[in-house]
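*Asks:* Requesting a structural model of the entry that follows:
(2 chains)
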Amino acid sequence: MTDVPNVALDPRESATNFSWRRFGSTWRTAGILIPFLVLFVGLALSNSNFLTHQNLVINVLYLQTPVLIIAAAGTLVLIAGGLDLSVAATFVLAQDVAAQVALHSNPYWAVVLALLTGAAVGVANGVVVAYLRINALIATLAMSFVVSGIAEVTTNNTFYSLFSKSSLGKFATTDFLGAQSAIWITLLVVVLLGVALWATTFGRYVFAAGGNAEAARLAGVRVSQIRITTYVLSGMAAGLAGVISLAQTLTTTPYSNESSLAFTVLAGIVVGGTSIIGGEGSVTRTVIGVLFIALIQNGFNLLQFNSFLIPLVTGVILIIAVALDVWLRQRRR
Amino acid sequence: MVGDIDVVNVSMRFGGVPALTDVSVHIRQGEVHALVGENGAGKSTLGKIISGVYSPDAGEILIGDRSQSFRSPRDAMRQGIVTIAQELAIVPYLSVAENVFLGAEPRRAGFVRRGLMRERYEALSERVGFHLPASQMAGSLATADQQKLEILRALSRDASTIIMDEPSAALSMHEVDALHDVIRSLAAHGTTVILISHFLSEVLELSDSVSVLRDGRIVRTTTAQNETENSLIESMLGRSLGQAFPKKRFAHDDAAVVLEVQDLYAPGVRGVSFSIRRGEILGVAGLVGSGRSELARAIYGSAPVTSGRVTLEGVDATRHRPHQSLRNGMTMVPESRKDEGLFMRRPISENVSVANLPLVSRWGVVSATSERRKVARALEEVRVKMGSVRTPVGSLSGGNQQKVLLARTALCSPHLLIADEPTRGVDVGSKRTIYDVLTEQAAAGLAIMVISSELEEVLGIAHRIMVMRDGRFVAELLGEAMTQESVLQAAFAESPTAP
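*Replies:* Reported below is the predicted structural model:
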């Protein structure tokens, strides 16, 4: 998935002169790729355990699959000019629904119902944002209370354990060509969303809706429909992530343990270089952004640094990423 | 600091592209000095160097023979140079007086001394000679009054030089007159005014001196009295423009009616009926706020319709939403290309194809090849010159951006085009191209409705003119009757019987 250069490249610009605009363009196109590669190479050189199958596939990729799925869909929401803070609550509710279903019937139905749960939350988010015209931040924040509330009421604040009926576990843990099914499912979802954004008319409309909503409307784009669709995709992604996480651990998690998930996801998207105000971004960059943050955490573990420092370092990197984005935007005027 | 301003051998490059080359200008204290030139000629850049927004790569600015090196607009402000930009910087929910003294409020122990502020405001407006109600909310003022407010603010900080970048672009006709009075009184009181403007009649009327820029160089600086619009245009273009408008090619009287509007009511529109035929260019004139854009939006479907009927090609099209209008062959180039038209950071190609993506897609997947080919053809039709269709549209000049919007409509193979201010903020050369394109499209059978605040433009390209006032059509002008006087009379008259 290539990215369109986002910066004016004046053909008259001479190749020999250093140009901030060109530098900006390179940075944005490459996104977080360069820091990611530096970190990757650095970790590979400093610790012999880094480049192992166990570390990269299990410790990093496998554990990041729920975040990657939600962030990939969240990228579309952000580009279309929205924001979805309800994903953590949706994740938990879908997990509870899936656990109940898995306990009493076929595990396939657990997956289907988790997706439907997510879709329902997505429709609710989309309608509230697009038709009631409530600010996305407030609407989805409120929705996260509503949804986590529903989860708590329906489960009576108990946790489910699926150890007695572990067949759902195969959904995430089946080994195929050296990687678990969770990783393959994530790859599929990420590729599908990436292609939808990059190559389809729907993707174009997503960019248009977020870049300039009024212009999009006048150009015949049904902005509300597009935005609702992105929320539905985001909700379904949260549902799928929930059921994958359930299959990985065979227990549900309480909302209080997952409440930071929405921010972890947002951090990955923004570090990747997708614009928080919409109109720009890509799924590829989000994947790199999420993995970049995951590598920082992995590095702390491998090098046995004080892991309490992880949030601090992540936060500082987030600020740097966004500041760089704002700075480059201003340079381009 | 007071004194003449000398710009000496100033050069400035942006990322390797020269924006100004060896520019020298002498601006006398208390004169109105106009900077004119096509878009991209460097006049705004020069203004920004004088006001400290940019630091030049070479050369210097002297004020009263003393060299200045401004590092920021703040530095320049300290030397009495203030810019009134196109985008006004007012705080809408503060009063006029509070806005004027924003950041410099008279205070004691951290509290604003409102009484004293009021007194100073009254003294200031007395001195300057124009009055705004001190306690009115700034956001509720008309654009022209907001400009006055900014001027008052500048003068309250002892500005000796005011740079105005396209001050009349957003104003209606009578507001422009008021602005001109303000500029004259500023000059009369010894304030230097540097006027950057596209409107050559305004430049000639107001300025003492004119500097013409072309491709980042000063062509000449002369006394305004010795210039005419044509002489300025020739220097700006480096050639004579020839005729400003293409020859009209009138539609046949028996050409089929494309659009029929019957007794249309909508917010700002009060009972409008008319029709447009194939190949016809209908000009819609009137003051800003007379309901022209509102009419366009109601027809196109981007604003609600209260009652009445819109018929396109014999089929009812009332209350269609924009995507339905487009599907039925009705297109619109909106009034503001920045707010309602373009996706500035996206490539040119996407900006052209967005309104008709199915044309270049199969099964919902956009075909890059087909898109590139069809977009290139549409751009050729409207004569856009650019490097690559992957370039963000925001990097194009205003004229080319406007042509990109025309290319977008061309890609929809429309029957009707509504063009709202199609040449606003467009340089002289591009204007002629846009007129050529519209005339050609009409000759090929397109029905066109052109809304414009520039009288010459309406008179120059329209086959027929409807004048709007107060949400209604008040006059229909044809042939010989299409004159500046008759349009203005209809646009301004209080009632149809008044002169």
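*Asks:* confidence score at residue A:17?
*Replies:* In this model, residue A:17 is scored at 46, pLDDT.
*Asks:* Contacts only, for the closest residue to residue B:455 other than its chain neighbours.
*Replies:* Among residues not flanking residue B:455 along the chain, residue B:484 sits closest, at 5.5 Å (C-beta to C-beta, 6 or more residues apart in numbering or on different chains). C-beta: built from backbone N, CA, C; applies to glycine. Taking C-beta atoms under 8 Å, 6 or more residues apart in numbering or on different chains, we find residue B:484 in contact with B:455, B:456, B:459.
*Asks:* For the helix or strand where residue B:236 lies, buried residues please.
*Replies:* Assessed by DSSP states H and E, residue B:236 sits inside helix B:229-237. For helix B:229-237, a neighbour-count test (16 or more other C-beta atoms under 10 Å in any protein chain shown) marks B:231, B:232, B:233, B:235, B:236, B:237 as buried.
*Asks:* How about stretch B:453-467?
*Replies:* Within stretch B:453-467, the residues that count as buried by 16+ other C-beta under 10 Å are B:453, B:455, B:457-467.
*Asks:* To what extent is residue 306 buried, counted in neighbours?
*Replies:* The chain I'm using is chain A. For residue A:306, the neighbour count with other C-beta atoms under 10 Å in any protein chain shown is 8.
*Asks:* my bad, chain B
*Replies:* By other C-beta under 10 Å, 11 other residues sit near residue B:306.
*Asks:* same question, residue A:34
*Replies:* Residue A:34: 11 neighbours (other C-beta under 10 Å).
*Asks:* now do residue B:188
*Replies:* Neighbour count of residue B:188, defined by other C-beta under 10 Å: 10.
*Asks:* Give me the pLDDT value at it.
*Replies:* In this model, residue B:188 carries a pLDDT of 86.
*Asks:* so where does residue A:68 fall, helix or strand?
*Replies:* Going by DSSP H and E, residue A:68 is in helix A:63-79.
*Asks:* Enumerate the positions of that helix that are buried.
*Replies:* A:64-79.
*Asks:* now swap in stretch A:312-327 and tell me
*Replies:* For stretch A:312-327, burial by neighbour count (16+ other C-beta under 10 Å) applies to A:314, A:317, A:318, A:321, A:322, A:325.
*Asks:* repeat for stretch B:22-37
*Replies:* The neighbour-count check on stretch B:22-37 (16+ other C-beta under 10 Å) flags B:23, B:25, B:27, B:30, B:31, B:32, B:33, B:34, B:35, B:36, B:37 as buried.
*Asks:* What are the contacting residues of the helix or strand hosting the first one?
*Replies:* Same thing as residue B:23. Using DSSP H and E, residue B:23 falls within strand B:17-27. Contact with strand B:17-27 is made by A:10, A:12-13, B:4-13, B:33, B:42, B:45-46, B:49, B:56, B:59, B:161, B:192, B:194, B:209, B:211, B:213, B:215-218, B:221, as judged by C-beta under 8 Å, 6+ apart.
*Asks:* Give me the phi and psi for the closest residue to chain A within chain B.
*Replies:* Nearest to chain A in chain B, going by C-beta to the nearest C-beta, is residue B:395, at a distance of 3.0 Å. Note on residue B:395: backbone dihedrals following degrees, to the nearest 10 are phi -90, psi -10.
*Asks:* Equivalent analysis for residue B:392, please.
*Replies:* The phi/psi pair for residue B:392 (degrees, to the nearest 10) reads phi -60, psi 140.
*Asks:* So it sits against residue B:347, correct?
*Replies:* Yes. Using C-beta atoms under 8 Å, residue B:392 is in contact with residue B:347, at 6.1 Å.
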